[in-house]
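Colleague: A predicted structure for the sequence below; I have some questions about it.
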Amino acid sequence: MPSAATTTPATTESRTHDASRTPGPHTTRHTVTVWAPPRTVFGLLADVANWPHVFGPTVHSEMLQDDGRDQLLRLWAFAGGQVRTWTSRRELDPAAGRIVFRQTVPAAPVAAMGGEWLVEAHADGGSRVTLLHDFRAVDDDPAAVTLIGEAVERNSRAELAALKGVAEQGEQRAELVFTFRDCEHVHGAAEDVFSFLDRADLWPERLPHVARLALTEDEPGVQHLDMDTRSSADGSLHNTTSVRICRPEELTIVYKQLRVPAALAGHTGRWVIEQDSADSARLAVTSWHTVTLDPEGVRQALGPAATLAEARALVRKSLGANSSATLRYAKEYAESRPS
């Protein structure tokens with residue numbers, strides 16, 4: 001069995017009906033060989049909460065219902081260059097290695113979308129993963145079918161390559177992925193805290209470590225940020241881009257970085273505003289981070305002798321310093337507002 005370091009890239013095959021000649025449904029099929037046990041691969045597919053850390057196109061996921069076999073979930077993901085959201089129902093059959101999915105509330109121009117994941121034992125060891133899609137476009141519009149088909153093609157290839165890469169990391173993944181938080185207690189209105197965090201376009205005026213920030217919001221609640229931050233160590237500037245899902249009704253903001261520093265393979269996070277369980281007169285405002293390290297990037301950024309433990313400590317210090325500073329300024333802003 002090849003090692004994770006020597007495996008070839010994911011290879012896929014795809015078949016799609018010609019939209020100019022036939023109405024939907026249109027179907028695609030993509031496959032990849034993964035040098036990891038089927039149980040490991042199936043577990044990654046079943047654990048929707050971790051999809052933003054595994055699959056590049058997935059920005060955020062929420063489990064609405066789950067009885068262990070039938071699931072109702074909501075996803076936010078890139079499709080055709082835009083962040084779209086939809087609700088899907090899934091049926092899990094671990095014994096057969098099968099997950100069947102169907103969108104219950106598609107996002108236009110998709111009229112219907114469904115498919116299946118199938119994980120089988122490979123004859124030479126590891127797993128053979130098949131991803132099937134079937135879809136229809138609104139009014140069977142040929143241009144929309146082409147657009148949807150291209151998005152399915154890009155995302156399917158990206159997801160299978162990511163699944164392969166993560167599954168083949170094996171036990172090392174426990175060293176690469178870590179989560180931490182910073183928290184601030186606030187005697188103020190939750191709406192004021194949310195407003196401070198939501199109005200990231202004002203951060204260069206409000207936060208010393210933000211040198212520049214360009215924000216676009218093509219639709220309410222979906223923000224794209226291009227930001228330059230100053231390092232607390234030497235004042236150097238670091239650029240990141242990210243997409244945020246802002247949920248004022250739930251007092252949460254979740255985000256995924258699309259451009260990350262060299263030592264990282266991924267970074268997601270969320271801001272959560274809630275009543276403090278220990279003191280109902282104050283709020284607990286928490287910044288959560290989940291970071292995935294890139295071993296090669298760590299060596300390039302920190303030197304060939306750098307360890308993953310050293311990288312974790314440096315990332316924790318750097319990201320924690322910025323999020324803690326943002327929390328302190330959000331606290332100051334909310335507590336200074338008229339009650």
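Modeller: Perfect, I can see it now.

Colleague: Could you list the buried residues of the top helix by length along the chain?
Modeller: Ranked by residue count, the top helix of the chain under DSSP state H comes out as helix 308-336. Residues of helix 308-336 classed as buried by neighbour count (16 or more other Cβ atoms under 10 Å): 311-312, 314-315, 318-319, 322-323, 325-327, 329-331, 333-334. Just so you know, the C-beta spots here come from the backbone N, C-alpha and C atoms, and that holds for glycine as well.

Colleague: and if you look at stretch 128-143?
Modeller: 128-137.

Colleague: so which two of the buried residues of helix 308-336 are the farthest from each other?
Modeller: 311 and 334 (34.1 Å; Cβ to Cβ).

Colleague: any chance of the buried residues of stretch 128-143 in TSV, with pLDDT too?
Modeller: Listed next are these as TSV, based on pLDDT from 0 to 100:
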residue	pLDDT
128	97
129	97
130	98
131	97
132	97
133	97
134	96
135	96
136	94
137	94
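
Colleague: hey, where'd the strands end up in the chain?
Modeller: 26-34, 58-66, 70-79, 82-93, 98-105, 110-121, 127-137, 177-186, 210-219, 222-230, 237-247, 252-259, 264-275, 283-293 (DSSP state E).

Colleague: Show the pLDDT at residue 68.
Modeller: Per-residue pLDDT puts residue 68 at 83.

Colleague: backbone phi and psi for it, please?
Modeller: phi 100, psi -20 (degrees, to the nearest 10).

Colleague: residues near it, how many?
Modeller: A count of nearby residues for residue 68, using other Cβ atoms under 10 Å, gives 8.

Colleague: so what's it closest to, chain neighbours aside?
Modeller: Excluding its sequence neighbours, the residue lying closest to residue 68 (Cβ to Cβ, 6 or more residues apart in numbering) is residue 92, at 7.6 Å.

Colleague: Okay, the most centrally placed residue in the chain and residue 67: tell me how far apart.
Modeller: Per Cα atoms, centre = their mean, the C-alpha nearest to the average position across the chain is that of residue 52, at 2.4 Å. Going from residue 52 to residue 67 by Cβ to Cβ, to the nearest Å gives 23 Å.
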